[in-house]
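Q: quick one, what's the 3D model for this:
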Amino acid sequence: MTTRLSRRTLIGGLSAVGAATLVGCQVDTGQGPAPEAPGGSEITIPDYGTELPTEDVTFRWCDSGDLKSVYEKAVLAAFTEKHPHIKTDYQGSGWETVNQVVPLGIRNGSAPDIFAVPNNVPAATAVNEGWVQPLDEVIPDFETWRGYFPETAFVPGVHIFNDKIYSFPLSSDRRLTFMSFYDTANLAAAGYDDPVNEIKTWDDLHAALKKVVDSGKVGMIIGSDSLAGVVEMLAQSAGWRAVTGMDLADGRYVYDAPQVMQAFEFLQKLVTDKLVVPGFLSLKIADGRAQMPAGKAGMIFNGPWDIPAWKRNAPDWKYAMGPVPSPDGNTDWVVPFAQTGANNPWVYAKTKYPTVAGQILNYMGTPDGQKMLVILSEGNLVSLQQEYNDAADQPGLLDANAKAASELAAKIMKAAPQAAIRNPEVAKVTLLRKEVQPRWQDLMAGIFTGQLKGSPEQLFAEFGEKQQASLETAIEAARQEGAQVSIDDWKFPNWDPTKDYTKADYDELG
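A: Just a heads-up that it's a prediction; the model follows:
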């Protein structure tokens, strides 16, 4: 059965949600009201042969909504078209709704049949408390289905628990957290007709922002919640080889590395020279994103989720986008990242309709299902498998800016090694580890306000030491509970940050 969707403009506002290290260990592409789908697309649900309900039923799905909801609603609609007695009820109203609806439903025995685990609940808790059930027991022809994903797609402590797969990455998290977005009119007025190619170095950026400010506009918009991410990206452009602050070659935190200090000093200079928005310490980056189309600022560092939001809210506003500038203009720098995927769905342990869940999720993981994910999001979401992205790249189906952002991410983002893939027992360490407070971005804010004394290098070094102690304390606690883990699980001497770390690289370590 085929469902054809009318052509409309993709809409949706996204907020950046990073990979959670202590809570949930999951990535989501945003939240909010459901956008509508582009045309030129079809969903075809195969015949699976598993027994479905014969009576009239309603199958329920609940997550945070937004871009992924375009795809999910289309799949659900196609399923109902093929099986008219199985209605579907999709609820995608943001994380606040998920955080209320799912736990309440668990307590009452009436949770949605498929849901997102609340972003304030560790995935392991959902498993251990019996909220969810393994996909191995739900998805038909499971081993064939699993083969559609890369060998390292399923991560212990994220998707795998007790040797069972409980969830899967609906889409890829190979998406740049920060890019450069320039207001073309304001940059042109400052003398930059092609800002992406004219602003290559940090000095170029400083000079451009000064000219924008001299013209009566705000230079750069930055938010208090983006300080750490901006410094991290700037440091990576300077050659910092770290993932969440750790050099994975030797398993040590390096928040005081020379590249980090160079990046923070550059940000300090921008602030000192009044080239950033006044009151940035009380501004959230999502609010800053919303202010850009008003034409009052020169640029913002933020992620590709801005693209569909601006397309909806300010279709006439013109901007240019490109990579974050580097100290010397080098464009070959890389962003290593822990690839865990995004938008993980979970099946309710007490669902009355496991075969419905299994058929729907099977389709979503197939080559056709993944291709349609890319098409229906106009390229704002991408698959873990590049071949499925290539299959979706058809004339008129993908947004040009979304495609450019994905291509940039594919060029400079490289999958880094993960201790949990090397040794699944590492998941026990993650559960026991305590978050270090204050956070890195809190330290930066304290430096800017003057509330924290001491040099940035000293404060960042102390933060790294606390992170190291937090990890090693959790390792020891896990060992006391019988886990076979050590700090060596975080050391990858064969790691080359300029390349994706593959299964062969894990195998090389033995």
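Q: where does the stretch 101-250 of the chain dip in pLDDT?
A: Residue ranges of the stretch 101-250 of the chain with pLDDT under 70: none are present.
Q: got the residue ranges for the helices in it?
A: Listed in chain order, the helices of the stretch 101-250 of the chain (DSSP state H, counting those that start in this stretch) span residues 123-128, 142-146, 184-189, 195-198, 202-214, 227-237.
Q: burial-wise, tell me which of these comes out on top.
A: Ranked by mean neighbour count under mean count of other Cβ atoms under 10 Å, the helices of the stretch 101-250 of the chain are led by helix 227-237, which reaches a mean of 24. The way it works is simple: take the backbone N, C-alpha and C, and place the C-beta from them, glycine included.
Q: which residues are contacting that one?
A: 18, 177-178, 202, 222, 240, 242, 257, 259-260, 262-264, 266-267, 301, 323-327, 330, 333-336, 439-441, 444-445 (Cβ atoms under 8 Å, 6 or more residues apart in numbering).
Q: of all the helices of the stretch 101-250 of the chain, which lies closest to Leu384?
A: Judged by Cβ to Cβ, the one of the helices of the stretch 101-250 of the chain that comes nearest to Leu384 is helix 142-146, at 12.6 Å.
Q: and the residue nearest to Asn162 when sequence neighbours are not counted, how close does it get to Ser167?
A: With Cβ to Cβ, 6 or more residues apart in numbering as the criterion, Asn162 has its nearest non-adjacent residue at 7.6 Å, and that residue is Val127. Using Cβ to Cβ, to the nearest Å, Val127 is found at 9 Å from Ser167.
Q: cool, and Val260?
A: 34 Å.
Q: same check on Val75?
A: Relative to Ser167, and taking Cβ to Cβ, Val75 is found at 17 Å.
Q: higher neighbour count, the two?
A: Ser167 (26 against 23; other Cβ atoms under 10 Å).
Q: element containing the spatially closest residue to the more buried one that is not a sequence neighbour, please.
A: Spatial nearest neighbour of Ser167, chain neighbours left out: Asn344 (4.1 Å); criterion: Cβ to Cβ, 6+ apart. For Asn344, there is no helix or strand it lies in under DSSP states H and E.
Q: what residues are up against Asn344?
A: Neighbouring residues of Asn344 by Cβ under 8 Å, 6+ apart: 26, 116-117, 123, 158-159, 167-170.
Q: so which residues of the stretch 401-510 of the chain form helices?
A: Going by DSSP H, counting those that start in this stretch, the stretch 401-510 of the chain shows helices at 419-422, 426-432, 440-449, 456-480, 503-509.
Q: ranking these by mean pLDDT, which is last?
A: Lowest mean pLDDT within those: helix 426-432, a mean of 89.
Q: chain center to that one, what's the gap?
A: 21 Å (Cα atoms, centre = their mean, to the nearest Å).
Q: give the buried residues for it.
A: In terms of neighbour count (16 or more other Cβ atoms under 10 Å), helix 426-432 has its buried residues at 426-431.
Q: which one of those residues is nearest to Trp490?
A: Distances from Trp490 to the buried residues of helix 426-432, taken by Cβ to Cβ, are shortest for Val426, at 8.1 Å.
Q: need the contact list for the closest one.
A: Contacts of Val426 (Cβ under 8 Å, 6+ apart): 156-157, 419-420, 485, 489.
Q: that older thread, was I right to think the residue nearest to Asn162 contacts Phe161?
A: Yes. With contact defined as Cβ atoms under 8 Å, Val127 reaches Phe161; the gap is 4.5 Å.
Q: what is the neighbour count of Pro293?
A: Pro293: 18 neighbours (other Cβ under 10 Å).
Q: nope, Gly303 is what I was after
A: Neighbour count of Gly303, defined by other Cβ under 10 Å: 23.
Q: repeat that for the one 10 residues further on.
A: Asn313 is flanked by 14 other residues according to other Cβ under 10 Å.
Q: could you report the pLDDT at it?
A: pLDDT for Asn313: 94.
Q: pretty sure it contacts Pro293?
A: Yes. Using Cβ under 8 Å, Asn313 is in contact with Pro293, at 6.7 Å.
Q: report the buried residues of stretch 345-355.
A: 345-351, 353-355.
Q: nearest to Leu397, of those residues?
A: For those, the nearest to Leu397 is Pro345 (24.0 Å; Cβ to Cβ).
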